[in-house]
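> Everything below, folded, please.
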Amino acid sequence: MAGWLVARRPGLLPGSLRAALLHLGISLGLVQFSPRLVAPLVGAGRLPTLVAFLSVLWALVYAWLAVAAVLRSVHNAIAE
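As a prediction, the model looks like this:
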């Protein structure tokens, strides 16, 4: 999903390396803590489990988008 978003909407990614690294740090924090935050929802029924799944999925997609932004910024810096 993140690869598709990068291909279809490249303007979503931050333009500078500093902003890309900031997004990467935030996304890694989300990936680290989101499973712990949604764990109580998993056994509470279908809807809370779906919300938990979508929350973790969103955190993972955001992390991959942040990685793509860092890679693009580094590539642009090397190409200059």
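> list the helices and strands the longest helix seen in the chain packs on?
Criterion DSSP state H: the longest helix present in the chain is helix 46-79. Secondary-structure packing of helix 46-79 (3 or more CB pairs under 8 Å, 6 or more residues apart in numbering; DSSP states H and E): helix 2-8, helix 17-42. Just so you know, the C-beta spots here come from the backbone N, C-alpha and C atoms, and that holds for glycine as well.
> Next up, the contacts around the residue positioned nearest the centre of the chain.
With distances taken as CA atoms, centre = their mean, Tyr62 lies nearest the centre of the chain, 1.3 Å away. The neighbours of Tyr62, taking CB atoms under 8 Å, 6 or more residues apart in numbering as the test, are 2, 23, 27, 30.
> Please report how far Arg72 lies from Leu60.
Applying CB to CB, to the nearest Å, the value for Arg72 to Leu60 is 19 Å.
> same thing with Gly43?
For Gly43 relative to Leu60 (CB to CB), the value is 21 Å.
> Mind checking which of these two has more residues around it?
For Gly43 versus Leu60, the count of surrounding residues by other CB atoms under 10 Å is larger for Leu60: 16 against 9.
> looking at the chain, which helix or strand does the model trust least?
helix 2-8 (a mean of 85; mean pLDDT, DSSP states H and E).
> Show me what counts as buried in that helix.
Burial within helix 2-8, assessed by neighbour count using 16 or more other CB atoms under 10 Å, is assigned to 5-6.
> now that helix, how far from the centre of its chain.
12 Å (CA atoms, centre = their mean, to the nearest Å).
> same check, this time on stretch 59-72
Taking CA atoms, centre = their mean, one finds the center of stretch 59-72 at 5 Å from the center of the full chain.
> CA atoms only: put it into PDB for me.
Output of stretch 59-72 as PDB, limited to C-alpha atoms (Å, rounded to 0.1, in the frame of the first residue of the first chain):
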ATOM      1  CA  ALA A  59       1.100   2.700  11.500                       C
ATOM      2  CA  LEU A  60       3.000   0.200   9.300                       C
ATOM      3  CA  VAL A  61       2.000   2.000   6.100                       C
ATOM      4  CA  TYR A  62       3.100   5.300   7.500                       C
ATOM      5  CA  ALA A  63       6.400   3.800   8.500                       C
ATOM      6  CA  TRP A  64       7.000   2.500   5.000                       C
ATOM      7  CA  LEU A  65       6.000   5.900   3.600                       C
ATOM      8  CA  ALA A  66       8.600   7.500   5.900                       C
ATOM      9  CA  VAL A  67      11.200   5.100   4.800                       C
ATOM     10  CA  ALA A  68      10.400   6.000   1.200                       C
ATOM     11  CA  ALA A  69      10.700   9.700   2.000                       C
ATOM     12  CA  VAL A  70      14.100   9.200   3.600                       C
ATOM     13  CA  LEU A  71      15.300   7.100   0.600                       C
ATOM     14  CA  ARG A  72      14.000   9.700  -1.900                       C
END
